[in-house]
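Enquirer: Build me a model:
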Amino acid sequence: MAIELTTDQARLIPRLRRRWPGADVRAHQRPWGVIVEVRRDGRTVSLTALDGHGRIEPARSIPRAA
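Expert: Model prediction:
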């Protein structure tokens, strides 16, 4: 299933790149939309869900494991 991002969803990608400079931003397509994962130093630091209806679930920072 192909998904086309809305303008707001597409603008999110450069905002994540600015928030996490030097991090690897990856997109994982799912049947319901896309998960945008931000990775730095081999670990996930943020996740954001973009659904096929144009909604954006807020980015969630992943706390460092103890």
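
Enquirer: Name the residues of stretch 37-57 that are buried.
Expert: For stretch 37-57, the buried set under the neighbour-count rule, 16 or more other Cβ atoms under 10 Å, comprises Glu37, Val38, Val45, Ser46, Leu47, Thr48, Ala49, Leu50, Gly52, Ile56. To be clear about C-beta, it is placed using only N, CA and C from the backbone, and glycine gets the same treatment.

Enquirer: Apart from its neighbours in sequence, what residue is nearest the third one?
Expert: Leaving aside its sequence neighbours, Val45 sits nearest to Val38 (Cβ to Cβ, 6 or more residues apart in numbering; 5.3 Å).

Enquirer: same check, this time on the fourth one
Expert: What sits nearest to Ser46 in space, not counting adjacent residues and going by Cβ to Cβ, 6+ apart, is Val38, at 4.1 Å.

Enquirer: Centre of the chain to the helix or strand containing the one you found, how far?
Expert: Per DSSP states H and E: Val38 is located in strand 33-40. Here the centre of strand 33-40 is set off from its chain's centre by 3 Å, with Cα atoms, centre = their mean, to the nearest Å.

Enquirer: that older thread, what about the residue nearest to Ser46, distance to His53?
Expert: 23 Å (Cβ to Cβ, to the nearest Å).

Enquirer: quick one: low-confidence ranges for the protein?
Expert: Per-residue confidence for the chain (pLDDT under 70) gives these ranges: 1, 59-66.

Enquirer: The same query, at a cut-off of 80, please.
Expert: Applying pLDDT under 80 to the chain flags residues 1-2, 58-66.

Enquirer: which residues of it fall in strands?
Expert: In the chain, the strands defined using DSSP state E lie at 24-30, 33-40, 43-51, 56-61.

Enquirer: Please produce a markdown table containing these, extended by distance to Arg15.
Expert: Shown next, in a markdown table, are the strands of the chain (distance: least, Cβ to Cβ, whole Å):
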| stretch | distance to Arg15 |
| --- | --- |
| strand 24-30 | 10 |
| strand 33-40 | 10 |
| strand 43-51 | 10 |
| strand 56-61 | 9 |
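
Enquirer: All set, thanks.
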